[in-house]
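A.B. asks: return a 3D structure for these sequence lines:
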Amino acid sequence: MLTRRVVAKVEFHFGELFPRFGLIVTNLVMDSRAVGPFYNQRGTAEQWIREGKQAVKITRLSCHRFRSNEVRLWLSVIAYNLGNLWRRLVLPSRIDKSLTSLQQRQDGRGVREIASR
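C.D. replies: Coordinates of the predicted model:
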């Protein structure tokens, strides 16, 4: 049987009266202070995967042959990486820089209009 423990995560933010807190249930055997950053990195990786699925349909592998699906996956990964490079170089830092949020905000207007805000 795996033993689990609960780690409390408390964050104090400037300008907020009450701290933010969360509970992490884990079976990791590491220092309590290292559990929070570990799960933050894991959450970031899951966000990238979700973004790839929504923005460039990275999981759309409907071909009948393995090689065709492999090529399709490589093209999706290249498109995702080019999109990330573009948003980091071109967009100002005040815009939420996720690819899916850019798609949602575009709603018929040009990308140039979004970048000029």
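
A.B. asks: model confidence for Ala115, exactly?
C.D. replies: pLDDT, Ala115: 48.

A.B. asks: now do Met1
C.D. replies: pLDDT for Met1: 63.

A.B. asks: can you map out the strands along the chain?
C.D. replies: With DSSP state E as the criterion, the chain has strands at 5-11, 20-26.

A.B. asks: just the residues contacting stretch 27-47, thanks.
C.D. replies: Outside stretch 27-47, the residues that touch it by C-beta atoms under 8 Å, 6 or more residues apart in numbering are 2-5, 7, 9, 24, 26, 98. C-beta here means a position set from N, CA and C on the backbone, and glycine is covered the same way.

A.B. asks: hmm, 7 Å instead?
C.D. replies: The contact list for stretch 27-47 (C-beta atoms under 7 Å, 6 or more residues apart in numbering) reads 2-4, 7, 9, 24, 26.

A.B. asks: just the buried positions in that stretch, please.
C.D. replies: For stretch 27-47, a neighbour-count test (16 or more other C-beta atoms under 10 Å) marks 35-36, 39 as buried.

A.B. asks: distance between it and the chain's centre?
C.D. replies: Remark: stretch 27-47 is offset 15 Å from the chain centroid, using C-alpha atoms, centre = their mean, to the nearest Å.

A.B. asks: any low-confidence regions in this protein?
C.D. replies: Residue ranges of the chain with pLDDT under 70: 1, 92-117.

A.B. asks: how much space separates the residue nearest the centre of it from Leu61?
C.D. replies: The chain has Gln47 as the residue nearest its centroid, 2.5 Å off, counting by C-alpha atoms, centre = their mean. Using C-beta to C-beta, to the nearest Å, Gln47 is found at 21 Å from Leu61.

A.B. asks: ditto for Val6
C.D. replies: Taking C-beta to C-beta as the measure, Val6 falls 39 Å from Leu61.

A.B. asks: who's more crowded, the two?
C.D. replies: Neighbour totals were compared for Val6 and Leu61, and Leu61 leads with 13 against 9 (other C-beta atoms under 10 Å).
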